[in-house]
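Asker: below are the sequence and a predicted model; questions follow.
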Amino acid sequence: MIAVRMPRRSKYGAQAVVIDGIRFASKREAKRYGELKLLAKAGEISNLQLQPEYVFETRGVVVFSYFGDFEYYDNTLKRRVVEDVKGVRTPVYRLKKKIIEAEHDIEIREV
């Protein structure tokens, strides 16, 4: 008997997509990546990064890490933007978002 591993279904039904060799957790996130690439090509944004990590630590202990979906510099607004492509806003996500925004003095934009 041979065990065949079936691909797991996402907790919230999102389908993974691969674009430019990069795996995105959902079609929606992949679509946003395409939009941001166009904005970068047009010069409206720069320094596009995927999965930026923000760490919350207290008393030298790392409590948790938050991974945004995208981070870039908006050349029009003249500021750094962190985006999270959200389908379901869980209570844990909302709490982490507030803590990270306060700790790192950033605003996480939900798309």
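Answerer: Great, that's in hand.

Asker: so residue 110 sits against residue 82, correct?
Answerer: No: using CB atoms under 8 Å, residue 110 is not in contact with residue 82, being 10.1 Å away. Where C-beta positions appear, they are placed from N, C-alpha and C, glycine not excepted.

Asker: for the protein, give me the ranges with low pLDDT.
Answerer: Residue ranges of the chain with pLDDT under 70: 1-11.

Asker: centre-most residue in it?
Answerer: The structure's the chain has its C-alpha centroid closest to residue 69; by CA atoms, centre = their mean the separation is 1.2 Å.

Asker: quick one, what contacts that residue?
Answerer: Each residue near residue 69 by CB atoms under 8 Å, 6 or more residues apart in numbering is listed here: 29, 32, 50, 51, 83, 84, 85, 111.

Asker: so the second one, which state does it fall into?
Answerer: Classification of residue 32 into helix, strand or coil gives helix, according to DSSP: H, G, I helix; E, B strand; the rest coil.

Asker: where exactly do the strands run in this protein?
Answerer: Assigned by DSSP state E, the chain shows strands spanning 17-19, 22-24, 45-50, 53-58, 61-67, 70-74, 79-84, 108-110.

Asker: for these, give me a markdown table that also has distance to residue 97.
Answerer: Below are those laid out as a markdown table (distance: least, CB to CB, whole Å):
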| stretch | distance to residue 97 |
| --- | --- |
| strand 17-19 | 24 |
| strand 22-24 | 20 |
| strand 45-50 | 18 |
| strand 53-58 | 10 |
| strand 61-67 | 8 |
| strand 70-74 | 14 |
| strand 79-84 | 8 |
| strand 108-110 | 5 |
